[in-house]
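J.: sequence first, predicted model second:
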Amino acid sequence: MRLALPGRPGRPALSLRWDPRTAAVCAALLLAAAATGVWTLTTGDFRIPVPDVLRVLAGDGNPAYAYIVEELRLPRLLTALLTGAALGLSGALFQSVARNPLGSPDVIGFTVGSATGALVALLVLGAGAASVAAGSVAGCAVTSAAVYLLAWRRGAAAFRLVLVGIGVSALLSSANAYLIAKASFTDAQSAQVWLTGSLNGRGWQHVTTMAAALAVLAPAALLLGRPLRMLEMGEDTASALGVRTERAKAGALVTGVGLTALATAVAGPVPFVALVAPQVARRLTRSPGPGLLPSAVLGALVLAVSDITAQRMLAPTQLPVGVLTGVVGGCYLVWVLARQWRAGLG
């Protein structure tokens, strides 16, 4: 089913595709995210019953409970959900442009470039938190521009983007290792924790950053859904259907870079969420196209579940969330490769 909003004669200004299965999957994922939120807000070293959490959220709760929920647990939960949504959405954009499941920002070097910018600001310039975030955004932007230009030859072909991105990622990983090796022990330790991807100590300022990023960039990404769905049929076919292919790809890359850079600035280079969420979302919805909304919701769920698991698995020791997402992503990659190998033998 489709909903078309008025535009020029014969061409709607906006066309939205309604798929009942996709809607059901998104609803189920949102319910799972809500259950994860309840689990996160009630569980910890100090357990709080669900009715008391609801009273706090309604503005009429015990002051001690209110401090724990509103200052410690809720900002971290919202940061996880918003950051996961941004990573899932950016992964769907990049994989759609590359037409390759490996075309996620953490594989083709954009996340690593963002980390390089942050490390330069932190370890070389000795900058504060705001400058580290700016360095992260700048590093991601410079890396994406370099990958796009190096892959350009009468257009940026999908396979060249992936190959060039993997090479740039390897180079920047070596640069990051060098920066950490040359830093003092204290700085290197804090930088290494950040490079793993962590939500420890996240507050309302991080929630505000990610909420503003999604408010601006998520609508832009959704508007690109139709041209990206055409692009997945091939550039020649998309051009014949009236899609400006290079313009659509550039728009998707700019939007994805913004989402990736800000997510990395807030939580560090959390691995594999951008890789796994779009692919699992496609398998759940069985719908053609990039599947932007399901990918965002699934990314939010994956990061929120990974974070609460990292907090409670070895309590009172808290693991960085990147450790859990790395395990999940690694297992997923092994499963996909084994499945394709068996299918090839069959």
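T.: Arrived safely. Numbers count the residues shown, from 1 in each chain.

J.: so how far is Ala240 from the residue nearest in space to the middle of the chain?
T.: With distances taken as Cα atoms, centre = their mean, the residue of the chain nearest its centroid is Leu87 (0.6 Å). Going from Leu87 to Ala240 by Cβ to Cβ, to the nearest Å gives 33 Å. (Glycine included, C-beta is placed from N, CA and C.)

J.: again with Val112
T.: From Val112 to Ala240 the distance is 37 Å (Cβ to Cβ).

J.: residue contacts, the residue nearest to the centre of the chain?
T.: Contacts for Leu87 (Cβ atoms under 8 Å, 6 or more residues apart in numbering) come out as 105, 259-260, 263, 270, 273-274, 277, 299, 303.

J.: can you check Val323 too?
T.: 196, 310.

J.: need the pLDDT of it.
T.: On pLDDT, Val323 comes in at 86.

J.: how deep is Arg76 tucked in, by neighbour count?
T.: Arg76 has 24 neighbours, counted by other Cβ atoms under 10 Å.

J.: pLDDT weak spots in the stretch 101-250 of the chain?
T.: By pLDDT under 70, the low-scoring segments of the stretch 101-250 of the chain are 127-129, 154-158.

J.: try it again with 90
T.: Across the stretch 101-250 of the chain, the ranges flagged by pLDDT under 90 are 101-115, 117-141, 143-170, 176-177, 179-203, 222-250.

J.: ranges for the helices of it?
T.: Secondary structure of the stretch 101-250 of the chain, counting by DSSP state H, counting those that start in this stretch: helices at 110-119, 129-150, 158-182, 185-196, 204-223, 225-231, 235-240, 245-267.

J.: highest average neighbour count across these?
T.: Ranked by average neighbour count under the criterion mean count of other Cβ atoms under 10 Å, the helices of the stretch 101-250 of the chain are headed by helix 110-119 at a mean of 29.

J.: still on that earlier bit, may I see the helices of the stretch 101-250 of the chain arranged in TSV, with distance to Ala33 as well?
T.: Formatted as TSV, the helices of the stretch 101-250 of the chain follow (distance: least, Cβ to Cβ, whole Å):
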stretch	distance to Ala33
helix 110-119	23
helix 129-150	26
helix 158-182	30
helix 185-196	23
helix 204-223	15
helix 225-231	22
helix 235-240	33
helix 245-267	17
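
J.: Gly329: which of these is closest?
T.: Smallest distance to Gly329 across those (Cβ to Cβ): 12.2 Å, for helix 110-119.

J.: make TSV from the contacts of Leu87 and add distance to Leu74 to it.
T.: Listed next are the contacts of Leu87 as TSV, based on distance: Cβ to Cβ, whole Å:
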residue	distance to Leu74
Pro105	28
Leu259	23
Thr260	25
Ala263	19
Val270	20
Val273	21
Ala274	25
Ala277	23
Gly299	19
Leu303	15
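
J.: could you point out which of these is nearest to Tyr65?
T.: Leu303 (25.2 Å).

J.: so how far is the helix or strand harbouring the residue nearest to the centre of the chain off the chain centroid?
T.: In the assignment (DSSP states H and E), Leu87 maps to helix 74-98. How far helix 74-98 lies from its chain's middle: 3 Å, per Cα atoms, centre = their mean, to the nearest Å.

J.: quick check: angle from that helix to helix 110-119?
T.: Orientation note: helix 74-98 sits at an angle of 130 degrees relative to helix 110-119 (axes from the mean of the first three to the mean of the last three Cα atoms, to 10 degrees).

J.: of the contacts of Leu87, keep whichever come out buried.
T.: Burial by neighbour count, judged by 16 or more other Cβ atoms under 10 Å, picks out 105, 259-260, 263, 270, 273-274, 277, 299, 303 from those.

J.: now go through those and say which are in strands.
T.: Per DSSP state E, strands hold no members of these.

J.: do you know how far Ala175 is from Thr143?
T.: 11 Å.

J.: cool, and Leu259?
T.: Applying Cβ to Cβ, the value for Leu259 to Thr143 is 14 Å.
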